[in-house]
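Novice: need the 3D shape of this:
(one chain, ligands or ions: 1)
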Amino acid sequence: MNGVKISAVGHYAPAAILTNEDLEKTLDTSDEWITTRTGMKRRHIASEDQATSDLCIAAARNALRNGKLASSDIDCYIVATSTPDYAFPATACIVAAQLDAVGKPAFDMEIACSGFIYGLTLASSLIRAGVYSRVMLIGAESLSKIVDRSDRSTAILFGDGAGAVVLEAAAENSFLSSELGADGRRPETLCLLGGGSRRPFTAESLEAGEQYLRMEGREIFKFAVTKMIESTGIALQRANLKKSDVSWLIPHQANKRIIDAAAKYLEVPEERVIVNIEEYGNTSAASIPIALSEAVTAGKIKAGDIIVFVGFGGGLSWGAVTWKWA
Ligand code: COA
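Specialist: All right, here's what the predicted structure looks like:
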């Protein structure tokens, strides 16, 4: 067996909801502006005592239940996140321990909104190489904790949540191709400036708001559309697939207009694009696995369907994976 398949999915979103109407009360913005410019209506927001590991654990438990698996059946735990519980240790270590899987390997991947695409490539490769038989990959974020609630250009965009998939060895191979890329020449295009080794927190940096996410929205918009199209095209070519072979496009949920522009170019009709941005906003590394989990739970995805997962984000980074659902 040197194939891999996704054998179970699960997701979790915190109960508290922040609507466009709520945002209207605190910011110079409107439901109309947010809806037409982004497609967003609501975001789920973690409570004060919920950290990213808590969201991961809830999503992972759902995936284990759906797959009728015990946490000890998983050989390795990977969490893709840019909002970890701590700078270190890895959030995945905390997640595995809370799931009663102490002793199993567990690590984080930090590649912002591309985290799930990179993680899918890595986890599939580990399984196909025979290193592990089953890997739990979780994309999770608590972006509300690093958003400046007084900045209307970012506060409207981000939400919290987690999506988990169990990947396992299979006779047939679902992982058809991957195209990943990164360009770190201008990290500040989308970043959390403070708190790292370059700019440790000081009273002055906190005063300057360096604990909050920063973004050059227009630059990212153009980059996102270009890279979604380019990376999907390369991934399709690598798998010997045509645009018309695509059953489902599951894109990173950053902006409905970005998704529409890419889907139009890729000639994927609207009803074949999984979009849940209205409900969750942008949940970074969690957005693709949440969308997948919802689509599978709704019975949309059938055996043999060809899925394109495509994402982009901080780094800057991007990637696409083509997948045959088993
Ligand atoms: N409510 C009302 N007006 C707003 C606003 C808000 N929440 N946010 C910005 N504006 C204003 C701007 O100040 C600007 O006003 P001006 O023309 O008087 O200067 C105007 O709206 C247009 O701003 P602009 O930035 O050009 O809007 P846009 O159509 O590009 O939409 C984003 C802004 C952020 C929604 C859009 O650029 C985007 O989604 N970019 C990608 C972001 C992203 O995906 N980030 C995560 C990557 S993983």
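
Novice: give me the neighbour count for the residue lying closest to Gly67 once chain neighbours are set aside.
Specialist: Excluding the flanking residues, the one nearest Gly67 by CB to CB, 6 or more residues apart in numbering is Ala8, at 2.7 Å. C-beta here means a position set from N, CA and C on the backbone, and glycine is covered the same way. By other CB atoms under 10 Å, the residues close to Ala8 number 22.

Novice: wait, is Ala8 part of a strand?
Specialist: Yes: counting by DSSP: H, G, I helix; E, B strand; the rest coil, Ala8 falls inside a strand.

Novice: what's the distance between it and Ile229?
Specialist: 31 Å (CB to CB, to the nearest Å).

Novice: and what of Ala263?
Specialist: 10 Å.

Novice: look at those two and report which has more neighbours.
Specialist: Between Ala263 and Ile229, Ala263 has the larger neighbour count (other CB under 10 Å), namely 21 against 18.

Novice: what sits against the more buried one?
Specialist: Contacts for Ala263 were tallied using CB atoms under 8 Å, 6 or more residues apart in numbering; they are 249, 251, 269-270, 273.

Novice: give me that answer again for 10 Å
Specialist: 228-229, 232, 246, 249, 251, 269-270, 272-273, 275 (CB atoms under 10 Å, 6 or more residues apart in numbering).

Novice: now do the strand or helix carrying it, average pLDDT.
Specialist: Using DSSP states H and E, Ala263 maps to helix 256-265. Per-residue pLDDT values across helix 256-265 average out to 96.

Novice: name the helices or strands packed onto whichever helix or strand comes after it?
Specialist: Proceeding N to C from helix 256-265, the next assigned helix or strand is helix 277-280, under DSSP H and E. In terms of contacts (3 or more CB pairs under 10 Å, 6 or more residues apart in numbering; DSSP states H and E), helix 277-280 is packed against helix 31-38, strand 42-45, strand 160-170, helix 256-265, helix 287-297.

Novice: now the helix or strand harbouring Leu23: buried residues?
Specialist: Applying DSSP H and E as the criterion places Leu23 in helix 20-26. Residues of helix 20-26 classed as buried: 20, 23-24 (neighbour count, 16 or more other CB atoms under 10 Å).
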